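Participant: Make a model of this:
(4 chains)
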Protein chains: 2
Amino acid sequence: MISMCNSLPTVDHHGILMPHSLPPEILDQIAERFRVLAEPARLRILNVLLAGERTVSELVEETGLNQANVSKHLGLLRNSSFVDRRKEGLYAYYSVSDPSVGVLCEIMCGRLEEQAAEQAALLGTGS
Amino acid sequence: MISMCNSLPTVDHHGILMPHSLPPEILDQIAERFRVLAEPARLRILNVLLAGERTVSELVEETGLNQANVSKHLGLLRNSSFVDRRKEGLYAYYSVSDPSVGVLCEIMCGRLEEQAAEQAALLGTGS
DNA sequence: CAACTACATTACCATCTGGTCATGCAGTTA
DNA sequence: TAACTGCATGACCAGATGGTAATGTAGTTG
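Facilitator: Model prediction:
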C-alpha cells in the first residue's frame, strides 16, 4: 500500500536513473522537502546534529547563529520530520531523525567534487 | 585532490550516516543545489527530462507551464549543471546531465512513503 | 514567590523569487 | 528580404522567506 513511486527505478539508454514519472502532487511534496534542506543555516544545524544529539544552546554555540534563529530553523526541521526533540528539564535535545539527510548531502557533495574535477580538467587541457 | 567530503562516511552509535563535519563553504554550495531542486516547476521539468531529451516547446506542452517560465527554469537548471542543452536549427534540446537527480528524488520519495506508513500505523493503533 | 534559565513565538523588515507579459534575437522559409 | 518560429531575456509585481529584537512560557533554584 501507499506506493506511488516505490516501484523499482529503471535505467534508460543513457544510463540515467529514471523514476516512473512521478505525479505532480508527489513532486510538490518532494520540492517542499528539498526546500527545507536548501538553507545554509539549516544544513549547518543538521551537520552538527549528525555528530550527535544537541541542546539548542549547544547548537547556538557551534553554529554561530543566534538563539531565536536556531529555534526557528529547528521548528521547521521538526515539522518536516528531519529532526526529533526530547525535552528534559529546561533543555530540549534535538537529533537527526531522518537517516537520508546524510546520504543526500553526500550525494550533493559528490557532484560538487565531480564538477570541480571536470572544471579542473578543462582548465588543464584548455590552456 | 579536491576531496573535502569524499572521505568515507562513518556510522555513529545510532546507525545514522554521518559525513565528517562539512565546512560552511561546502554547505553553502550544497544548499544552493538543493534550492534549485526545491521548486515544483523545476521538478516537473526534470521529471519529464528523465524520460529523455526534449525541446522547450515539448516541455511547455508536457508540464503545462508557459514558455517564458520554462525557459527561465531551464536557464537555472543549466547554470547549476543539472541539465545540458544541444542546439539544432530553431530548436534547443535539453537533457538531464546530472545522474544524481533521479537518485535524490527517489530518496526523498522513499522517505515520504515511510512517513506515510508511520502515520498510517499510528492511526491504526491509536483509534 | 521571585529571579533566573532555556527555549519558543511574535512582529517586523529587507530581500529574494516565481509567474507573467512584452520584447529581443537567431535561424528558417517563402 | 520579409514574415515566421522557437527560444531567451528584461521588467514588473505579488508572495514568500530569513534574520533579528522583543516578548512569552515552562521549568528550575534560591
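Participant: all strands for chain A, in order.
Facilitator: Along chain A, counting by DSSP state E, strands occupy A:10-11, A:17-18, A:54-55, A:83-88, A:91-96.
Participant: is the spatially closest residue to residue A:94 that is not a sequence neighbour in a bridge, and if so with what?
Facilitator: Excluding its sequence neighbours, the residue lying closest to residue A:94 (CB to CB, 6 or more residues apart in numbering or on different chains) is residue A:83, at 5.2 Å. All C-beta spots, glycine's among them, are computed from the backbone N, C-alpha and C. Note on residue A:83: beta-bridge partners by DSSP bridges are residue A:96.
Participant: what separates residue A:83 from DNA strand C, distance-wise?
Facilitator: 10 Å (CB to the nearest atom of the strand, to the nearest Å).
Participant: quick one: contacts for that residue?
Facilitator: Shown in contact with residue A:83 (CB atoms under 8 Å, 6 or more residues apart in numbering or on different chains): A:46, A:49, A:74, A:77, A:94, A:95, A:96, A:97, A:98.
Participant: 7 Å instead, please
Facilitator: A:49, A:74, A:77, A:94, A:95, A:96, A:97 (CB atoms under 7 Å, 6 or more residues apart in numbering or on different chains).
Participant: Separate out the buried members of the residues you listed.
Facilitator: The neighbour-count test (16 or more other CB atoms under 10 Å in any protein chain shown) marks A:49, A:74, A:77, A:94, A:96, A:97 as buried among those.
Participant: dump the residue contacts of the last one.
Facilitator: Contacts for residue A:97 were tallied using CB under 7 Å, 6+ apart; they are A:81, A:82, A:83, A:84.
Participant: which residue packs closest to the last one, ignoring adjacent ones?
Facilitator: Which is residue A:84. The shortest distance from residue A:84 to any residue other than its chain neighbours is 4.0 Å, reached at residue A:97 (CB to CB, 6+ apart).
Participant: what about residue A:29, distance to chain B?
Facilitator: With distances taken as CB to the nearest CB, to the nearest Å, residue A:29 is found 6 Å from chain B.
Participant: Just read off the phi/psi values of residue A:64.
Facilitator: Main-chain dihedrals, residue A:64, degrees, to the nearest 10: phi 80, psi 0.
Participant: For chain A, list the residues in contact with DNA strand D, please.
Facilitator: Applying CB under 7 Å from any atom of the strand, we find that chain A lies next to DNA strand D at A:35, A:39-41, A:65-66, A:68-69, A:72-73, A:76, A:89-90.
Participant: surely residue A:55 meets residue A:90?
Facilitator: No: using CB atoms under 7 Å, residue A:55 makes no contact with residue A:90, being 9.1 Å away.
Participant: re earlier: which of the contacts of residue A:97 are buried? Put it as a PyMOL command.
Facilitator: Provided next is the PyMOL selection string for whichever of the contacts of residue A:97 are buried by 16+ other CB under 10 Å:
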select buried, chain A and resi 81+82+83
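Participant: Format the contacts of residue A:97 as JSON lines; extra columns: distance to residue A:30.
Facilitator: Listed next are the contacts of residue A:97 as JSON lines, based on distance: CB to CB, whole Å:
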{"residue": "A:81", "distance to residue A:30": "14"}
{"residue": "A:82", "distance to residue A:30": "14"}
{"residue": "A:83", "distance to residue A:30": "19"}
{"residue": "A:84", "distance to residue A:30": "21"}
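Participant: Out of the contacts of residue A:97, the closest to residue A:114 would be?
Facilitator: The closest of the contacts of residue A:97 to residue A:114 turns out to be residue A:82 (CB to CB; 25.7 Å).
Participant: now the helices for chain A?
Facilitator: For chain A, the helices defined by DSSP state H occupy A:24-37, A:40-49, A:56-63, A:67-79, A:100-126.
Participant: which parts of the fourth one are buried?
Facilitator: Burial within helix A:67-79, assessed by neighbour count using 16+ other CB under 10 Å, is assigned to A:70, A:73, A:74, A:76, A:77.
Participant: Alpha carbons only: can I get that helix in PDB?
Facilitator: Provided in PDB are the C-alpha atoms of helix A:67-79 (Å, rounded to 0.1, in the frame of the first residue of the first chain):
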ATOM      1  CA  GLN A  67      19.000  31.600  19.600                       C
ATOM      2  CA  ALA A  68      15.800  32.800  18.000                       C
ATOM      3  CA  ASN A  69      17.200  31.900  14.600                       C
ATOM      4  CA  VAL A  70      18.200  28.400  15.700                       C
ATOM      5  CA  SER A  71      14.800  27.700  17.300                       C
ATOM      6  CA  LYS A  72      13.000  28.900  14.200                       C
ATOM      7  CA  HIS A  73      15.100  26.600  11.900                       C
ATOM      8  CA  LEU A  74      14.700  23.700  14.300                       C
ATOM      9  CA  GLY A  75      10.900  24.200  14.300                       C
ATOM     10  CA  LEU A  76      10.900  23.900  10.500                       C
ATOM     11  CA  LEU A  77      13.200  20.900  10.500                       C
ATOM     12  CA  ARG A  78      10.900  19.200  13.100                       C
ATOM     13  CA  ASN A  79       7.800  20.000  11.100                       C
END
